[in-house]
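Undergrad: please work out how this folds:
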Amino acid sequence: MNQQLDALLFQETNLVANLANASALLNSTYDDLNWAGFYLFNQTTGELDLGPFQGKVACMHIKVGAGVVGTAFKTQTNQRIKNVHEFPGHIACDSASNSEIVVPITKDGHQIGVLDVDSPSLDRFTAENEAELTEFVNILVQHID
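TA: Residues are numbered from 1 along each chain as shown. Below you'll find the predicted structure:
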C-alpha cells in the first residue's frame, strides 16, 4: 500500500488532492473500516477541521486535546485504541466506531494535522498496522508543500 501511495502521489503536491487520494487508498486497502481520513489544524481557530475522508459523516471540528484525534495531535504521538468507549473524553462522531488509530502529521516541525482511521470492530488495529500507517504518513508528508 505504501509503495502504491508513493506512486499515486508522484509529482503532486496539492494537499487536498493528496489527502483525498490517500484516504481513498486506505479505504480500499484495509478491510473492516467505517472511516479513513484526515483532520487538519486550523491556525486561526486553534482547532482540527475535517479534511478529505472516506466513510460516514464526521465531526467538523475537534478541539486540540479532545478525544483520540485531539490527543494524538496535542501529544504528537500515535494513538492506537482497542476500545474507544474506554478512552477518556472519547468523541463519538459515529457510534458504530469501536476502535481507532490516529497518527500525527508533521513536516519540518510544522504540525499539519492527523490521519484518523476507525473500525466498527474492537481491537481492529495491530502494531503492524500502526507501523504501516506511520510509514504511510511519512510518505504522504514527502508529497506536501
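Undergrad: what helices or strands is the helix or strand bottoming out on mean pLDDT in the chain leaning on?
TA: Sorted by mean pLDDT, DSSP states H and E, the helices and strands of the chain end with helix 2-8, the least confident at a mean of 93. Identification of packing neighbours for helix 2-8 by 3 or more CB pairs under 8 Å, 6 or more residues apart in numbering; DSSP states H and E yields helix 15-29, helix 127-142. In this view, the C-beta of every residue, glycine as well, is placed from N, C-alpha and C.
Undergrad: deepest-packed of those helices, please.
TA: With neighbours taken as mean count of other CB atoms under 10 Å, the helices and strands packed on helix 2-8 reach their highest mean count in helix 15-29, at a mean of 18.
Undergrad: and the next element down the chain from that helix?
TA: Next in sequence after helix 15-29, counting helices and strands by DSSP states H and E, comes strand 35-42.
Undergrad: listing partners with orientation, what would you give for that following strand?
TA: Paired with strand 35-42 in the same sheet, following DSSP bridges, are strand 47-55 (antiparallel), strand 110-119 (antiparallel).
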